[in-house]
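1. Sharing a model prediction with you, sequence too.
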Amino acid sequence: MKDNRVWPYVLPFPLEAKKRGLILSILESRMGVNILTRVGIDARTFQHDLIGRLRYSNKSIIKYLKQMVDAGILEEGMARIVEKRKTTWMKWYTPTSLGKWVILFLRPPEEIRPELAKQTIEELFRLYSSSIVEVCEKYGFTIDSFQQVFDEEYLKAVASKAKKVKPEVVVYGSAALDIYGSLERLPNADETVYVEETGRYAGGMGANVASALARLKVPVAFVGKIGSDFIGRVLLDSLVKNSVDVSNVTIAVLRSLRTLILQDNKGSRWLMALGSPESAISVTSPSEIDWDLMDQSQIVYVGEVFTEIASTIADYAKNRGKTVIYRPGVPYLRLGLEKLQDVLKYTDVFILNHVGWKALQYSSKSPLENPADLVSYGPETVILTKGEEGCDVHTRNRSHVILVPASLRVKFKVVDPTGAGDSFSAGLIKGLLEGWDLKKAVSFGQAAACITCSRIGASPAFPMLSEVESAISENY
């Protein structure tokens with residue numbers, strides 16, 4: 001049936017057979033091609049100029065120009081030219097969007113200015129997009145399916161072309177888009193309150209740690225899962241911009257994670273992870289783990305990863321002589337000690353904050369009186385972070401507090417604590433790689449966290465190595 005032809009939806013050629021035939025005859029003719037290659041793309045081309053530059057008869061050139069107009073690849077018009085008080089009307093031609101595509105196809109790439117190519121590609125994309133909309137309406141396709149394909153192909157291309165490194169650290173965890181909002185107070189049941197969106201930033205604990213490490217000049221690879229959607233583009237672009245190796249990121253036909261971060265005018269914060277059964281949370285099977293990548297590294301960081309996979313990663317890394325750092329985040333700590341034991345027995349450094357500690361205490365069947373008790377389950381070091389109050393550090397030999405210098409707290413006022421734990425972890429890892437003792441490594445992490453807290457957002461707030469070194473030299 002005539003109405004069921006899909007050729008114009010595959011390539012931006014006209015539906016009418018007559019127009020397609022005209023375009024084909026023009027492209028098969030040396031004269032037609034010669035005329036087209038001399039038509040300007042972004043300016044009018046006058047008929048008399050073409051006649052003067054081409055060694056064909058006036059009649060033949062005009063005939064082909066008329067065919068090009070009839071085929072829909074050129075538009076024509078008349079311009080009034082006044083020279084020496086004499087008025088002349090001259091015919092001009094400009095290419096249509098389809099005509100630009102044909103002309104660019106015929107021209108050598110080096111002859112095309114980048115800005116012109118960009119403009120033409122945008123026009124063609126708009127032309128093709130309108131065809132996609134039409135074919136969706138006609139054949140019952142959904143726009144989302146085409147958007148999904150576009151996002152997926154973009155993400156795969158970015159991941160495959162991104163710079164690869166020999167990582168000193170491999171980070172396993174999640175990536176998420178942090179959506180910031182401010183409100184006067186939380187609503188009561190069935191009440192609506194206005195939330196002003198104040199910003200969107202790439203986040204996710206694992207991706208944050210990887211980005212923070214890269215800014216500290218640590219070669220790092222991130223292993224996680226990103227959904228093939230516009231959020232996935234934001235997340236992957238941020239990791240690449242921060243020089244993180246993303247060659248082992250899984251692009252899933254799923255939704256990317258989001259985190260809603262709400263703050264009231266009193267400074268109270270609420271963090272809510274927005275997900276669904278179709279969300280790209282993290283690696284979910286051993287097949288998504290690059291074992292060779294771990295072999296190249298010195299430290300393996302395990303973040304928000306399902307406990308069954310986390311124990312597999314930690315087991316492998318520990319048996320390969322790697323330092324294993326485990327920082328699962330509050331939702332996983334709420335599973336209780338019994339669920340985490342298989343990871344902890346392969347862990348060297350276990351990091352949790354005071355909120356996570358309370359969640360672990362409450363959820364565990366085994367009694368936990370003090371974070372120091374966790375050392376008996378495998379970790380050589382347990383670090384409890386307490387914000388401005390510093391860290392409680394527990395090892396098999398001793399427990400002690402490492403405070404944040406008052407001068408550091410004064411210089412870097414807390415603006416947004418999001419990402420502080422990620423920045424601390426990155427700073428600690430940097431110190432361990434340098435071979436520093438635990439106190440110096442923890443102090444370096446604290447300085448990195450203080451700088452991060454003084455800025456808005458997580459990933460954009462992570463400091464460069466020189467900034468942390470400067471803060472350390474001035475405040476310790």
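-> That came through fine.

2. For the residue lying closest to Lys386 once chain neighbours are set aside, grab phi and psi.
-> With Cβ to Cβ, 6 or more residues apart in numbering as the criterion, Lys386 has its nearest non-adjacent residue at 5.2 Å, and that residue is His354. Using the backbone N, CA and C atoms, a C-beta is placed for each residue, glycine as well. The phi/psi pair for His354 (degrees, to the nearest 10) reads phi -70, psi -30.

3. my guess is His354 contacts Gly390, does it?
-> No. Counting by Cβ atoms under 8 Å, His354 does not reach Gly390; the two are 11.2 Å apart.

4. For Ser399, see how far away Asn370 is.
-> Distance of Asn370 to Ser399, given as Cβ to Cβ, to the nearest Å: 8 Å.

5. Just give me the longest helix of the protein.
-> Secondary structure of the chain per DSSP state H: the longest helix is helix 114-139.

6. got the buried residues for that helix?
-> For helix 114-139, the neighbour count (16 or more other Cβ atoms under 10 Å) marks 120, 124, 128, 131-132, 135-136 as buried.

7. Please apply the same query to stretch 264-278.
-> By 16+ other Cβ under 10 Å, the buried positions in stretch 264-278 come out as 273, 275.

8. before we move on, back to that, so for His354 and Gly390, which sits in the more crowded spot?
-> Gly390 (17 against 14; other Cβ atoms under 10 Å).

9. For Ile383, see how far away that one is.
-> For Gly390, the distance to Ile383 - Cβ to Cβ - is 10 Å.

10. How about Arg85?
-> According to Cβ to Cβ, Arg85 and Ile383 sit 88 Å apart.

11. Ala448 too?
-> 14 Å.

12. Give me the more crowded residue out of the two.
-> Shown here are Ala448 and Ile383; by other Cβ under 10 Å, Ala448 has more neighbours (31 against 26).

13. what about the more buried one, which helix or strand?
-> helix 438-453 (DSSP states H and E).

14. picking up where we left off before, so which elements touch the longest helix of the chain?
-> Helices and strands touching helix 114-139, by 3 or more Cβ pairs under 8 Å, 6 or more residues apart in numbering; DSSP states H and E, are helix 7-10, helix 97-106, helix 143-161.

15. Take those and write them to CSV, including mean neighbour count.
-> As requested, these are exported to CSV (neighbours: other Cβ atoms under 10 Å):
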stretch, mean neighbour count
helix 7-10, 14
helix 97-106, 19
helix 143-161, 14
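
16. how about CSV for those helices, with mean pLDDT added?
-> Below are the helices and strands packed on helix 114-139 laid out as CSV (pLDDT from 0 to 100):
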stretch, mean pLDDT
helix 7-10, 54
helix 97-106, 84
helix 143-161, 88
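
17. Give me the number of neighbouring residues for Glu197.
-> Count around Glu197 with other Cβ under 10 Å applied: 10.

18. what does Val355 give?
-> Residues lying near Val355 (other Cβ under 10 Å) number 11.

19. Skip the chain neighbours and tell me the closest residue to it.
-> Leaving out its chain neighbours, Val355 is closest to Val330 (Cβ to Cβ, 6+ apart), at 5.8 Å.

20. residue contacts, that neighbour?
-> Going by Cβ atoms under 8 Å, 6 or more residues apart in numbering, Val330 touches 353, 355-356, 359.

21. Can you flag which of those residues belong to helices?
-> Of those, the ones assigned to helices by DSSP H are 355-356, 359.

22. Can you tell me which of those lies closest to Asp178?
-> Set against Asp178, the nearest of these by Cβ to Cβ is Val355 (17.6 Å).

23. what helix or strand does Val415 sit in?
-> Element membership for Val415 (DSSP H and E) is empty, with no helix or strand holding it.

24. Show the contacting residues for it.
-> With contacts defined as Cβ under 8 Å, 6+ apart, the neighbours of Val415 are 453-456.

25. So which residues make contact with stretch 340-348?
-> Here stretch 340-348 makes contact (Cβ under 8 Å, 6+ apart) with 302, 307, 310-311, 314-315, 317-318, 323-326, 328, 332-333, 350, 360, 374, 377-381.

26. Please apply the same query to stretch 235-251.
-> Outside stretch 235-251, the residues that touch it by Cβ under 8 Å, 6+ apart are 152, 155-156, 158-160, 162-165, 167, 175-177, 202, 204, 207, 210-211, 213-215, 219-226, 228, 232, 256, 280, 283, 288, 290, 293, 459, 462.

27. need the contact list for Leu433.
-> 168-169, 218, 298-299.

28. sorry, back to before: of the contacts of stretch 235-251, buried ones?
-> Buried subset of the contacts of stretch 235-251 (neighbour count, 16+ other Cβ under 10 Å): 152, 155, 158-159, 162, 165, 167, 175-177, 202, 204, 207, 210-211, 213-215, 219-226, 228, 232, 256, 280, 283, 288, 293, 459, 462.

29. quick one: which of the contacts of Leu433 has the most company?
-> The residue in the contacts of Leu433 with the most neighbours, by other Cβ under 10 Å, is Val169 (26 neighbours).

30. Do you have the helices of the stretch 351-476 of the chain handy? List them.
-> Ranges of helices within the stretch 351-476 of the chain are 354-363, 406-411, 420-433, 438-453, 465-475, based on DSSP state H, counting those that start in this stretch.

31. Deepest in the core, which of those is it.
-> Comparing the helices of the stretch 351-476 of the chain by mean neighbour count (mean count of other Cβ atoms under 10 Å), helix 420-433 comes out on top with a mean of 27.

32. If I take that one and helix 465-475, what angle do their directions form?
-> 90 degrees (axes from the mean of the first three to the mean of the last three Cα atoms, to 10 degrees).

33. Please compute how far helix 420-433 lies from its chain's middle.
-> Averaging C-alpha positions (Cα atoms, centre = their mean, to the nearest Å) puts helix 420-433 22 Å from its chain's average.

34. what about that helix, average pLDDT?
-> On average, the pLDDT along helix 420-433 is 97.

35. again with stretch 307-327
-> 96.

36. Please tell me the pLDDT value assigned to the closest residue to Pro379 other than its chain neighbours.
-> The shortest distance from Pro379 to any non-neighbouring residue, by Cβ to Cβ, 6+ apart, is to Phe350 (4.1 Å). pLDDT for Phe350: 98.

37. Quick check: the gap between the residue lying closest to Arg269 once chain neighbours are set aside and Val468.
-> The shortest distance from Arg269 to any non-neighbouring residue, by Cβ to Cβ, 6+ apart, is to Gln263 (5.0 Å). Noted for Gln263: a distance of 26 Å to Val468, by Cβ to Cβ.

38. again with Leu236
-> Per Cβ to Cβ, Leu236 is found 26 Å from Val468.
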